[in-house]
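Asks: sequence unavailable; structure follows:
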């Protein structure tokens, strides 16, 4: 008998039929004798609908009230799911953020779960009840309703798994698991059975979109094994856990890509301490997220070139800031908004010689030009022309034996 | 400077535009220097939508979870209205049932407000803030979410007015006030400027539908003056208060009717103590609400006839119960499901001779047959054939100088 946290995402509870389907999955787990805590998202589309209503009132809607507004979404799902479970004979009860309570700290719309009371829910689990907890929300120490950011139900699930010391945390979603690349674009993409937290983080932040990165980070920090699986099939999903427990017969686990990047190159920047800070500080202050940064050692020790990428939507704003800031000195400014980023990810890469070479050769063979390169221990990213994106992804997927 | 409770019903907050309109009304009142507490209903249609979702799961949806589900509706309105007020520069904050808290007793779906903490909200009012409170809900002493029945936002408004010792309680709705009869059916119907609690109760429970009867009862009990007025016009509404303060130049205030009644007559019932109890107890136990009851004195002291009305939906169930219950003895059972009830209401009736005669004569003049009669101090109801309903209402409206 284990204690399990099951989390159902928005599409998994997107209709009454789906809520009933989720209830059946939960009933089966409960009948195996497991103690079950369920975390739910708002029904698919609900949060967007509420946000759209708030935007009719203001583009800068009061943050406190936004949290009160949006947290109603998971409240509705919790009640419907608890009702559906009771209807099929499984004892169940919804617990609102303030009833537990789920204690958070930090600002409205962006708080973090710091603690939860466990005694009442543990008593309920002992009595054979299934506890339903709304994701994404909590209460502050001053008794205000708070939310932990969009997609925060994953973070709630991991926090609950940690605080309740559960044996597993299963993320039920609308895909079969984590794939070696986007299965919609590359049909030979394969579901990954086992992956490390680190690889998952690289994949999710690069566009795999299966789980919220900060939730994976928390799971990694507290070593909570995760399972991502489909609500709609019986198939085994992807297990995400500690790197040490994974067999790395393959050097590369997956190929990720993102297409909404643009590249900025500053040519002839002074090569002295503080220059990078001068460049990136005003961008950060203007909410522009800088992704890859590549700076070569300057040949003459005086001038260097600096290349970095920003989201395409931020490009014009970034260029304006760079041009108008008198502290930033450069000889030339180049931009390219038709680029994409391709990354190969794998915890085994670091121990496998030749991965880098193999990637560059594979792209060169297909005449795909590499505009910039960035590496980390478990990731190798290149910037290429956007038109080559899918061609490159398919090529790398084949070359690294993922088909 | 007064302390005011303003309540906005479902249609008054039925869209973002209407929420913004309500915000403007509140802003004006606040700028006059009044301390304002606002009670809101769920947006029009929202509660029905949630109920419909629950019914897809079960016709007997878990009551506790139903309360969790439905209370989300007023939460959404509260947040949107508080956001709209802040947007137009009026300091405002929503207070959830558990944040105040609004303490209730009684069953789920049918609880009563017994107390509220006032200090935090009073401090906030003193600071010039407008407090928004969701209607229809509360928390029990054990910390469960409760609701006080459909239409319960009126009850919340009256309870808040009482507990916060407010100077007035204004019910903003989609009609101009209380009318002398249904203005949709009788175009000459007139808005009543002043009406007593008792008359309002008779009118509202007979189908005038402007305010929830139990809320009017509470207002009467604590002598809280009410105002019913339209959210959509600047017109003065209807004031509802103590009978003593009303000028009764007119004997009859209004004509109410309901069309979903049916009449049952038991002929030849034994005339001895306990018979009525034997008849009505099983009906009550089966949730059948008996409305008018008429029993004549028996001529021979042995047998009598008993007539009563039930809602048309309950007729077949009631007949089955009456026929199958061996404790109930009668010679004959008659039913008529094509009847309606017409009532004239007026606190001045009791002091005005001839009202009864005038009513019967007026109906007789138009050849409208009276099937049963029932009277109270401020009400005179007759059961007639359904086809004559509007004809009778119009006739009585004219005869009693209400046109």
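Replies: Sure thing, it's come through. Predicted, not measured: the structure shown is a model, and the values here were computed from it.

Asks: the strand or helix carrying residue A:54 and chain B in contact?
Replies: Assigned by DSSP states H and E, residue A:54 falls within helix A:46-57. Yes - if you take CB under 8 Å from any CB of the partner chain as the test, helix A:46-57 does meet chain B, through A:50, A:53-54, A:56-57. C-beta coordinates here come from the backbone N, C-alpha and C atoms, glycine included.

Asks: now what about that helix, what contacts it?
Replies: Outside helix A:46-57, the residues within contact range by CB atoms under 8 Å, 6 or more residues apart in numbering or on different chains are A:10, A:61, A:66, A:69-70, A:72-73, A:76, A:150, B:16, B:19-20, B:76, B:80, B:83-84, B:87.

Asks: which of those residues fall in strands?
Replies: Judged by DSSP state E, strands contain none of the contacts of helix A:46-57.

Asks: and those, which are buried?
Replies: A:10, A:61, A:66, A:69-70, A:72-73, A:76, B:16, B:19-20, B:76, B:80, B:83-84, B:87 (16 or more other CB atoms under 10 Å in any protein chain shown).

Asks: among these, which lie within helices?
Replies: A:66, A:69-70, A:72-73, A:76, B:16, B:19-20, B:76, B:80, B:83-84, B:87 (DSSP state H).

Asks: out of those residues, who's nearest residue B:273?
Replies: Comparing these against residue B:273 with CB to CB places residue A:76 closest, at 52.5 Å.

Asks: re earlier: out of the residues of helix A:46-57 next to chain B, which are buried?
Replies: Judged by 16+ other CB under 10 Å, buried ones among the residues of helix A:46-57 next to chain B: A:50, A:53-54, A:57.

Asks: now distance to residue A:112 and pLDDT too, for those, in CSV please.
Replies: Output for those, formatted as CSV (distance: CB to CB, whole Å; pLDDT from 0 to 100):
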residue, distance to residue A:112, pLDDT
A:50, 22, 97
A:53, 26, 98
A:54, 23, 98
A:57, 27, 98
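
Asks: got TSV for the residues you listed, with distance to residue A:393 too?
Replies: Below are these laid out as TSV (distance: CB to CB, whole Å):
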residue	distance to residue A:393
A:50	36
A:53	38
A:54	38
A:57	42
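
Asks: put together TSV for the ones in helices among the buried ones among the contacts of helix A:46-57, with distance to residue A:361 on each row.
Replies: Formatted as TSV, those follow (distance: CB to CB, whole Å):
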residue	distance to residue A:361
A:66	51
A:69	53
A:70	49
A:72	54
A:73	49
A:76	54
B:16	58
B:19	62
B:20	62
B:76	57
B:80	58
B:83	57
B:84	61
B:87	58
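
Asks: got a list of what the closest residue to chain B within the stretch 101-250 of chain A touches?
Replies: Nearest residue of the stretch 101-250 of chain A to chain B: residue A:143, at 6.0 Å (CB to the nearest CB). Counting by CB under 8 Å, 6+ apart, residue A:143 touches A:98, B:99.

Asks: hmm, try it at 10 Å
Replies: Residues counted as contacts of residue A:143 (CB atoms under 10 Å, 6 or more residues apart in numbering or on different chains) are A:98, A:101, B:96, B:98-99, B:120.

Asks: residue A:296: how many residues sit nearby?
Replies: Other residues within reach of residue A:296, judged by other CB atoms under 10 Å in any protein chain shown, total 10.

Asks: for the stretch 201-350 of chain A, which segments count as helices?
Replies: Along the stretch 201-350 of chain A, the stretches classed as helices by DSSP state H, counting those that start in this stretch are A:213-222, A:275-285, A:315-324.

Asks: quick check: residue A:317 vs residue B:379, distance?
Replies: From residue A:317 over to residue B:379 the distance is 71 Å, taken as CB to CB, to the nearest Å.

Asks: which one of those two has more residues nearby?
Replies: Relative neighbour count places residue B:379 above the other of residue A:317 and residue B:379, with 21 against 14, counting by other CB under 10 Å.

Asks: count of residues packed around the closest residue to that one other than its chain neighbours?
Replies: Spatial nearest neighbour of residue B:379, excluding adjacent residues (CB to CB, 6 or more residues apart in numbering or on different chains): residue B:202 at 4.7 Å. Counted with other CB under 10 Å, the neighbours of residue B:202 add up to 27.

Asks: distance of residue B:202 from residue B:346?
Replies: For residue B:202 relative to residue B:346 (CB to CB), the value is 9 Å.

Asks: overlap of the contact sets of those two?
Replies: B:195-196, B:253-254, B:378-379.

Asks: take those residues and keep only those in strands.
Replies: B:195-196, B:254, B:379.

Asks: and these as JSON lines, adding distance to residue A:37 and pLDDT?
Replies: Output for those, formatted as JSON lines (distance: CB to CB, whole Å; pLDDT from 0 to 100):
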{"residue": "B:195", "distance to residue A:37": "54", "pLDDT": "91"}
{"residue": "B:196", "distance to residue A:37": "55", "pLDDT": "90"}
{"residue": "B:254", "distance to residue A:37": "56", "pLDDT": "91"}
{"residue": "B:379", "distance to residue A:37": "56", "pLDDT": "86"}
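
Asks: between those, which is nearest residue B:271?
Replies: For these, the nearest to residue B:271 is residue B:379 (26.8 Å; CB to CB).

Asks: enumerate every residue touching the closest residue to chain B within the stretch 251-400 of chain A.
Replies: Ranking the residues of the stretch 251-400 of chain A by distance to chain B (CB to the nearest CB) places residue A:287 first, at 22.0 Å. Counting by CB under 10 Å, 6+ apart, residue A:287 touches A:314, A:317.

Asks: for it, give me the pLDDT.
Replies: pLDDT for residue A:287: 82.

Asks: quick one, phi/psi of it?
Replies: phi 60, psi 20 (degrees, to the nearest 10).

Asks: quick one: it from residue A:55, how far?
Replies: 18 Å.

Asks: over to residue A:34?
Replies: Counting by CB to CB, the gap from residue A:34 to residue A:55 is 42 Å.

Asks: and if you look at residue A:80?
Replies: 26 Å.

Asks: number of residues surrounding residue A:192?
Replies: Residues near residue A:192, counting by other CB under 10 Å, number 23.

Asks: I'd assumed residue A:236 was in contact with it.
Replies: No - between residue A:192 and residue A:236 there is no contact under CB atoms under 10 Å: 11.2 Å.

Asks: so what's in contact with these two at the same time?
Replies: Listed as contacting both residue A:192 and residue A:236 by CB under 10 Å, 6+ apart are residue A:177.

Asks: what mean pLDDT would you report for stretch A:345-365?
Replies: pLDDT averaged over stretch A:345-365 gives 83.

Asks: show the contacting residues for residue A:188.
Replies: A:180-181, A:394, A:397-398, A:402-403.

Asks: and for residue A:98?
Replies: Residue A:98 touches A:137-139, A:143-145, B:96-99, B:101, B:139, B:143, B:145, counting by CB under 10 Å, 6+ apart.

Asks: what is the mean pLDDT for whatever helix or strand residue A:26 lives in?
Replies: Using DSSP H and E, residue A:26 sits in helix A:16-31. The average pLDDT for helix A:16-31 rounds to 98.

Asks: show the subsequent helix or strand relative to that helix.
Replies: In N-to-C order, the element after helix A:16-31 by DSSP H and E is strand A:35-40.

Asks: neighbouring strands of that next one in the sheet, and parallel or not?
Replies: Take DSSP bridges as the rule and strand A:35-40 pairs in its sheet with strand A:3-8 (parallel), strand A:130-134 (parallel).

Asks: starting at the chain centroid, how far to stretch A:105-121?
Replies: 20 Å (CA atoms, centre = their mean, to the nearest Å).

Asks: span of that stretch from start to end?
Replies: 22 Å (CA to CA, to the nearest Å).

Asks: distance from the chain centre to stretch A:214-230, please.
Replies: Relative to the chain's own centre, stretch A:214-230 is displaced by 11 Å; criterion: CA atoms, centre = their mean.
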